[in-house]
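# The following comprises the amino acid sequence and a computationally predicted model.
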Amino acid sequence: MAEVKQIVVFKLGETDYGFPIEQVNEIIKYIPVSKIPNSSVYVEGTCNLRGKLHVILNLRSIVGLEASTTHDNSYIVIANNYDAGFIVDEVKMIASISEEDIIDTDTLAKYIDDNYILYIIKYNNKLVNVLNLESITSRSLNNVEK
């Protein structure tokens, strides 16, 4: 029997992205953050979530999109094993996919940063870029350190 994976599917701009559910701790409605002076362009700020300080990163900026200033309908995806969260435009669903839905990206290797993209899936007649939340978090937080 084919292995089934669960993917948190969300939108950034007009594109669907996803994170493997095992890399996600929780998803919350956007809450205001405290700005950090002189921080990287993709650092939105910090927030206190149940007594724990989290760095909140703008995923649109990290993937090369223009950062949004409106967060009324946005969500924050909190990463597992990191005190960090990512602002996304909209959380669409948690999708269950099988191995047959995964597109082989070997031919794209020279065009994409495979540290960020785990794989691409076909879901509901769309392509979803499944990102490696752990890799993005590690790189982003390392770049924040001065």
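That came through fine.
# now the strands for the protein?
For the chain, the strands defined by DSSP state E cover 4-12, 15-20, 24-29, 43-49, 52-58, 75-79, 84-88, 90-98, 102-103, 117-123, 126-131.
# any low-confidence regions in this structure?
Within the chain, the segments meeting pLDDT under 70 span 1-2, 109, 112-114, 140-146.
# If we use 80, what do you get?
1-2, 67-71, 104-115, 138-146 (pLDDT under 80).
# Comparing the strands of the chain, which comes out most buried?
Per-stretch averages of neighbours, counted by mean count of other Cβ atoms under 10 Å, single out strand 84-88 among those, with a mean of 25. All C-beta spots, glycine's among them, are computed from the backbone N, C-alpha and C.
# Give the partner strands of it in its sheet and their orientations.
The pairing partners recorded for strand 84-88 under DSSP bridges are strand 52-58 (parallel), strand 75-79 (antiparallel).
# of all those, which lies closest to residue 29?
Nearest to residue 29, of all the strands paired with strand 84-88, is strand 75-79, at 6.1 Å by Cβ to Cβ.
# re the thing from before, quick one: closest of the strands of the chain to residue 67.
Taking Cβ to Cβ, strand 52-58 is the member of the strands of the chain nearest to residue 67, at 5.0 Å.
# what sits against residue 23?
79-80, 132-134 (Cβ atoms under 8 Å, 6 or more residues apart in numbering).
# excluding its backbone neighbours, what's nearest it?
Leaving aside its sequence neighbours, residue 23 sits nearest to residue 133 (Cβ to Cβ, 6 or more residues apart in numbering; 4.0 Å).
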